[in-house]
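**Q** Okay, here's the prediction I keep looking at, along with the sequence it came from:
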Amino acid sequence: MQDATSQLGESPEFTVLRIHYNRKDRRYENWGLHAWGDVSVHTFWEKPLYATGSDGFGLYWDVQVKPKGLLNFIIHKGEIKDCSGLISIGHADFWVISECSTIFTEKPDLDSMPKGNLSFSRAYWVSQKLLAWNMEIEHAQFSMFASKNANLNLSAGGVKGEDLVIQLEEEQGRLPIKVIEKFPHIAHYKALKLPDGLDKKYLVKSQLAIACIDADGIPVDATGIQLPGVLDDLFSYDGPLGPIFTQNSVMLHLWAPTAQSVCVLVYLSPSGGSLLESVQMKEDNGVWSVCGPKSWEGKYYLYEVTVFHASTQHVETCLVNDPYSRGLSANGERSLFVDLDNGSLKPEGWDSLAGEKPQFEAFTDITIYELHIRDFSVGDKSVDPNLRGTYLAFTLPVCAI
């Protein structure tokens, strides 16, 4: 610990403000305070303020701030950020708790505070049978909670509102090598095993959380769960995606294993206008599909997706473009049903271009440039002013560039 006055300097023009910081894991090593605003001395990110001292609540920092001034702060360890905010002078003491966005002006009762935060997804579902969580506590019990309608909530008593609670078994030793190779940043996490017989494809569509209680049944921590590992395990797919055109129909395929429902909305116009039709899509192993009429070609569409949204902690219904679109309307407002094999869309001689490509022995012989259409010709005085910055400038046989 180091005296804050030696870090910030002493001045009668400043008032001392104290920020108290609590971590449920009680691990405070290398956590510092980055402060700016109406403070006596601004800190550098690489050299945060040392804590002035510690007490039963945790660490605290004494910061000198101008009367009626504002203090911006971030508590961090290297690039890992925790509590942050803006404080206006009016109280001498403020309290913050790890993973909690509230800045308290009175000392909070830690026993009455939720242990954890479900909006921070600190745990990973890394394979069909394993979860990983950076949680080191002896004689603990771990559970996973699921709610299809996103009714999970966290209080001092733990996680509530679940449709299903699943007891997890702590694995001995490290995570499997294959998991560590895929997620090297969590190599030191605890491995937790799921029981057999679970409907995992149903679970990934739900709001999920994991919680830990100690040997006395007292809640210790809780967090949300990230899904990339298990999604890869369960829903690996190498089939067609996006619109596929046949002689008489248009097939749509969308990979969205966490979605609870998907509809395709078809429009005549690229923006605005009325909805022509809404068709429910069917799911098979995470891929949503529908077969539509050939008359969809040339029209526009969106997907209406119902899915648990981690950023809002609610089940949301969203209108989105097709990530596998072959074409888009202006500004990407809607996807376009476009068949790239349609002869009416091909420039003259398009099909013969493949035979004119130069031969190469390896892909490393290719040089690819990214070029902005406007920047290519907008400043070229040899190009007709009406064509500068347009696609047609590329058609000119001679230009200065």
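**A** On my side now, so go ahead. Residues are numbered from 1 along each chain as shown.
**Q** Give me the contact list for the longest helix seen in the chain.
**A** Longest helix in the chain by number of residues (criterion: DSSP state H): helix 228-235. For helix 228-235, the surrounding residues in contact (C-beta atoms under 8 Å, 6 or more residues apart in numbering) are 124-128, 179, 182-183, 200-201, 204, 255, 257-258, 285-287. Where you see a C-beta, it was placed from the backbone N, CA and C, and this is true even at glycine.
**Q** all helices of the protein, in order?
**A** For the chain, the helices identified by DSSP H occupy 4-8, 177-182, 200-203, 228-235, 373-377, in order along the chain.
**Q** Contacts for the shortest one, please.
**A** By C-beta under 8 Å, 6+ apart, the residues outside helix 200-203 that reach it are 128, 146, 148, 164, 194, 230, 234, 257, 285-286.
**Q** now it: how far from the chain's centre is it?
**A** Centre-to-centre, helix 200-203 and its host chain are 20 Å apart (C-alpha atoms, centre = their mean, to the nearest Å).
**Q** how about the CA coordinates for that helix, as CSV?
**A** The C-alpha coordinates for helix 200-203 follow below in CSV (Å, rounded to 0.1, in the frame of the first residue of the first chain):
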residue,chain,number,x,y,z
LYS,A,200,-28.5,-30.0,-24.8
LYS,A,201,-30.1,-28.7,-28.0
TYR,A,202,-33.0,-27.4,-25.9
LEU,A,203,-30.7,-25.9,-23.3
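**Q** And that helix, what's buried?
**A** Under the neighbour-count criterion of 16 or more other C-beta atoms under 10 Å, helix 200-203 has Leu203 buried.
**Q** what's the model's confidence in it, averaged?
**A** pLDDT averaged over helix 200-203 equals 95, rounded to a whole number.
**Q** about what we covered before: give me the buried positions along the longest helix of the chain.
**A** Neighbour counts using 16+ other C-beta under 10 Å place 229-231, 234-235 of helix 228-235 among the buried residues.
**Q** just stretch 193-202 next, same as before
**A** Neighbour count says stretch 193-202 has Leu194 buried, by 16+ other C-beta under 10 Å.
**Q** How far does that stretch stretch from one end to the other?
**A** End-to-end span of stretch 193-202 (C-alpha to C-alpha, to the nearest Å): 18 Å.
**Q** hang on, the earlier thing: for the contacts of helix 200-203, which single residue is the most surrounded?
**A** Val230 (24 neighbours; other C-beta atoms under 10 Å).
**Q** got the residue ranges for the strands in the stretch 301-401 of the chain?
**A** With DSSP state E, counting those that start in this stretch as the criterion, the stretch 301-401 of the chain has strands at 314-320, 335-336.
**Q** So which elements touch the longest one?
**A** On a contact count with 3 or more C-beta pairs under 8 Å, 6 or more residues apart in numbering; DSSP states H and E, strand 314-320 meets strand 300-309.
**Q** in stretch 55-66, what counts as buried?
**A** When neighbours are counted by 16+ other C-beta under 10 Å, the buried residues of stretch 55-66 are found to be 58-66.
**Q** can you tell me the average pLDDT over it?
**A** Averaged across stretch 55-66, the pLDDT comes to 95.
**Q** Can I get stretch 99-116 in PDB? Just the C-alpha atoms.
**A** Written as PDB, here are the backbone C-alpha positions of stretch 99-116 (Å, rounded to 0.1, in the frame of the first residue of the first chain):
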ATOM      1  CA  GLU A  99     -19.200  -6.700 -11.300                       C
ATOM      2  CA  CYS A 100     -21.800  -4.300  -9.900                       C
ATOM      3  CA  SER A 101     -22.600  -1.100 -11.800                       C
ATOM      4  CA  THR A 102     -24.000   0.700  -8.800                       C
ATOM      5  CA  ILE A 103     -22.000   3.400  -7.000                       C
ATOM      6  CA  PHE A 104     -23.200   3.500  -3.400                       C
ATOM      7  CA  THR A 105     -23.100   6.600  -1.300                       C
ATOM      8  CA  GLU A 106     -23.700   4.500   1.900                       C
ATOM      9  CA  LYS A 107     -21.900   1.400   2.800                       C
ATOM     10  CA  PRO A 108     -23.800  -1.600   1.400                       C
ATOM     11  CA  ASP A 109     -24.600  -4.700   3.400                       C
ATOM     12  CA  LEU A 110     -22.600  -7.300   1.500                       C
ATOM     13  CA  ASP A 111     -24.600 -10.100   3.000                       C
ATOM     14  CA  SER A 112     -27.800  -8.800   1.300                       C
ATOM     15  CA  MET A 113     -26.100  -8.200  -2.100                       C
ATOM     16  CA  PRO A 114     -26.300 -10.800  -4.900                       C
ATOM     17  CA  LYS A 115     -23.200 -12.800  -5.300                       C
ATOM     18  CA  GLY A 116     -22.200 -12.600  -9.000                       C
END
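**Q** now what about that stretch, what contacts it?
**A** Against stretch 99-116 from outside (C-beta under 8 Å, 6+ apart): 20, 22, 24, 57, 82-83, 85, 87, 90-91, 93-97, 117, 120, 154-156, 158, 211, 219-223.
**Q** and what of stretch 285-297?
**A** In this structure, residues lying in contact with stretch 285-297 by C-beta under 8 Å, 6+ apart are 201, 231, 234-235, 237, 239, 241, 245-257, 259, 262, 264, 266, 279-283, 337-339, 342.
**Q** Going by neighbour count, which of those are buried?
**A** 231, 234-235, 241, 245, 250, 252-257, 259, 262, 264, 266, 281, 283, 337-339.
**Q** Which of those residues fall in strands?
**A** 245, 250, 252-255, 259, 262, 264, 266, 283 (DSSP state E).
**Q** For the longest helix of the chain, what is the distance to the chain centroid?
**A** How far helix 228-235 lies from its chain's middle: 16 Å, per C-alpha atoms, centre = their mean.
**Q** Surely Ala330 touches Ser269?
**A** No. Between Ala330 and Ser269 there is no contact, the gap being 11.2 Å when judged by C-beta atoms under 8 Å.
**Q** Return the residues in contact with Leu130.
**A** Under the criterion of C-beta under 8 Å, 6+ apart, the neighbours of Leu130 are 171, 175-176, 179, 191-194.
**Q** and it, what are its bridge partners?
**A** Partner residues in beta bridges with Leu130, using DSSP bridges, are Lys193.
**Q** if I look at it, how far off is Lys178?
**A** As for Leu130, its distance to Lys178 is 10 Å (criterion: C-beta to C-beta, to the nearest Å).
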